[in-house]
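Asks: requesting a structural model of the entry that follows:
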Amino acid sequence: MTDPYAVALGERLRRVRQQQDLSLHDVEARSGGTLKASVLGAYERGERAVSITRLHAMAQFFRVPVAELLPDPRADRRAPSASDYTEESVMIDLVVLDRHREAEHLLARYTDSIRTRRGDYNGQVLTVRAADIETLAAVMDTTTADLRSRLTDVGIVR
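Replies: Residues are numbered from 1 along each chain as shown. Okay, here's the model as predicted:
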């Protein structure tokens, strides 16, 4: 009989891996063999207990906080639905943002927070509401138009 906690942890691990569009074998290849496909599969099915050291290594590989892999029965997470966004939504290119992380540290921290709340680690783009950009503009002491323009000029906003 499998431990419900191990199963829940495995489901979270699988979700993060699949969000990054990686197969078990892709993980093994990209990790240089340090994360074996068969072992990762056993973790994902809840058939094998994960040590804290291994959990940390997997979190680093997937570039997510360790806490994201740990089940939290109190968390009320839901995936954003289409109704959460309007045509006013803004797509943030996370790859470009990562290259400008130092200059755009407030935006980077804000998007990290949104990704953690959503459990969204696909690593490519993040869609945020126009209200999020308005909030950021206020925090950065600029106008929404100027912030959008600056972020568009460097390719962070698509």
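
Asks: isn't Arg101 right next to Arg109, touching?
Replies: No. Applying Cβ atoms under 8 Å as the test, Arg101 and Arg109 come out as separate, 9.3 Å apart. Bear in mind the C-beta positions are built from the backbone N, C-alpha and C, glycine included.

Asks: strands of this structure, start to end?
Replies: Here the chain has its strands, by DSSP state E, at 90-93, 125-128.

Asks: winner for burial among these?
Replies: strand 90-93 (a mean of 19; mean count of other Cβ atoms under 10 Å).

Asks: quick one: that strand to chain centroid distance?
Replies: In terms of Cα atoms, centre = their mean, to the nearest Å, the centre of strand 90-93 is found 14 Å from the chain centre.

Asks: ok, stretch 96-115 next?
Replies: 12 Å.

Asks: which strands and helices sit next to the lengthiest helix in the chain?
Replies: As assigned by DSSP state H, the longest helix anywhere in the chain is helix 4-19. Judged by 3 or more Cβ pairs under 8 Å, 6 or more residues apart in numbering; DSSP states H and E, helix 4-19 is in contact with helix 37-44, helix 52-62, helix 66-69.

Asks: output the helix or strand of the chain with the lowest mean pLDDT as CSV - backbone C-alpha positions only.
Replies: In the chain, no helix or strand scores lower on mean pLDDT, DSSP states H and E than helix 130-139, which sits at a mean of 83. The C-alpha trace of helix 130-139 is given here as CSV (Å, rounded to 0.1, in the frame of the first residue of the first chain):
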residue,chain,number,x,y,z
ALA,A,130,-3.6,44.3,-16.7
ALA,A,131,-4.3,45.1,-13.0
ASP,A,132,-1.0,43.4,-12.1
ILE,A,133,0.9,45.7,-14.5
GLU,A,134,-0.9,48.7,-13.0
THR,A,135,0.1,47.6,-9.5
LEU,A,136,3.7,47.2,-10.6
ALA,A,137,3.7,50.6,-12.2
ALA,A,138,2.5,52.2,-9.0
VAL,A,139,5.2,50.3,-6.9
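
Asks: domain map for the chain?
Replies: 4-69, 82-153 (automatic domain parsing).

Asks: sweet, I'm off.
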